[in-house]
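>>> Build the 3D model from these lines:
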Amino acid sequence: MSATMLTLEAESLSGTPIVLDDRELFALDRDDLPAAGVILDLVDGEAQHTPLMLDGAAAFRPSCADDFRYLDGLHPATLKVIGDADTALQRVLDQPVTTKEMQASKGQVVQGDRWFLWSASESESPPLGSVLVNEDGTYWTVLAVEWTELVEVYKVQVRNLAIRPAVQNLATVLKADYVRAAGNDRRAVWHEELADIPARFQPSVEDAQLFLGGDYIKTTYRVYFDAPVPVELAGGQYRLKDCRGWLYKVMMYVDEERIDTLPVAIAVRILEKAEYPDGELPSGSSSGSESESSGSGSFGGSASTSVGLGSVSSSSGGG
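Sure thing, here's the model as predicted:
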């Protein structure tokens, strides 16, 4: 089947046969058309049109719903909706990604936004928070849906939130087991509860602390996670450890189950030597200014995160 859209001015018709690809298709009488003109949809050489009232006169208007599938650059994708089976979309048009920081993080917490378009004949309207997986395996969370009636196409705004895969963007969750020590005192023995979680330790605030005649610096961090952490981090029995061995006490953990942001913990770096297994602080500066190595981007298949389904989904790398 071949389809062609023509826009013709009424003055150019006047009963003259219309020729396309060396074939005479049809002729129209100018007296049957309004002065404003007519749109004709040619399918296999025959005019397909729907009556339309224009300036009080009958005109012709085609149905454009089937035209979307003839566009170039269409790709398959998968629509994931909680509680439903996956829907395979055969013809999806995607627009380039707009990439920026989700939060201040030296470019390590990345937000990518784009639009996907597909015909309503392929699926029902996607609910907000559902997820699209494109050809390269990147997960995109649905933020907004527009309905384009003329062509019967969904225009869907989607977002990918990711923490750039890098050694410094990994965290370990420690959990305390309490044992009886000398004098019947309880002592915490820490073990790994969760390892290699994609997370960004971002210095936030430094405060001067005076304690027992000493002057200390308390550094507060915002720790971004690429997925909800399945433990009660703010409970006293948990600690966070970064890639250099520093420990952190979580003061607050925020997971609002929003589809446009990532979970975050407010944590304080621990400077008491007694908290560390060997009684010594990790080597290196204890301040928040740390060098960053460049990590590869997450858009284009290296890594991705879905925030709409409450689970981590990666294509070929970390977060």
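>>> Do you have the strands of the stretch 151-300 of the chain handy? List them.
153-163, 170-180, 186-211, 214-225, 238-241, 247-254, 264-269 (DSSP state E, counting those that start in this stretch).
>>> Chain neighbours aside, what residue packs nearest to W190?
L174 (4.4 Å; Cβ to Cβ, 6 or more residues apart in numbering). The C-beta positions use only the backbone N, C-alpha and C, and glycine is treated the same way.
>>> And for D242?
F201 (5.3 Å).
>>> try M102
Q111 (4.0 Å).
>>> Repeat that for V189.
D177 (4.9 Å).
>>> Spit out the contact partners of the one you found.
Going by Cβ atoms under 8 Å, 6 or more residues apart in numbering, D177 touches 188-191.
>>> returning to that earlier point: from E124, how far off is the residue nearest to D242?
42 Å (Cβ to Cβ, to the nearest Å).
>>> Return the set of residues that bridge with the closest residue to M251 other than its chain neighbours.
Leaving aside its chain neighbours, M251 sits nearest to I266 (5.0 Å; criterion: Cβ to Cβ, 6+ apart). Beta-bridge partners recorded for I266 (DSSP bridges): R222, M252.
>>> number of nearby residues for I266?
17 (other Cβ atoms under 10 Å).
>>> Repeat that for A88.
Neighbours of A88 (other Cβ under 10 Å): 11.
>>> Going forward, the N-terminal residue is numbered 7.
In the new count, where the first residue is 7, that last one comes out as A94.
>>> Hmm, it is touching H81, no?
No. Here A94 does not reach H81: they are 12.0 Å apart, not a contact under Cβ atoms under 8 Å.
>>> Can you list the low-confidence ranges for the chain?
Low-confidence segments of the chain (pLDDT under 70): 7-73, 217, 219, 290-325.
>>> domain assignment for it?
9-69, 74-169, 173-281 (automatic domain parsing).
>>> what's the most buried one of these?
domain 74-169 (a mean of 17; mean count of other Cβ atoms under 10 Å).
>>> where exactly do the helices run in the chain?
Along the chain, counting by DSSP state H, no stretch forms helices.
>>> just checking, F122 touches A83?
Yes. If you go by Cβ under 8 Å, F122 and A83 touch, sitting 7.0 Å apart.
>>> Between the two, which contacts overlap?
98, 100, 138, 140.
>>> tell me the contacts of the third one?
Same thing as L138. Counting by Cβ under 8 Å, 6+ apart, the residues that L138 touches are 83-86, 95, 98, 122, 132, 145-146, 148, 162, 164.
>>> Give me the nearest residue to it, chain neighbours excluded.
L138 sits nearest to W146 (Cβ to Cβ, 6+ apart), 4.6 Å away.
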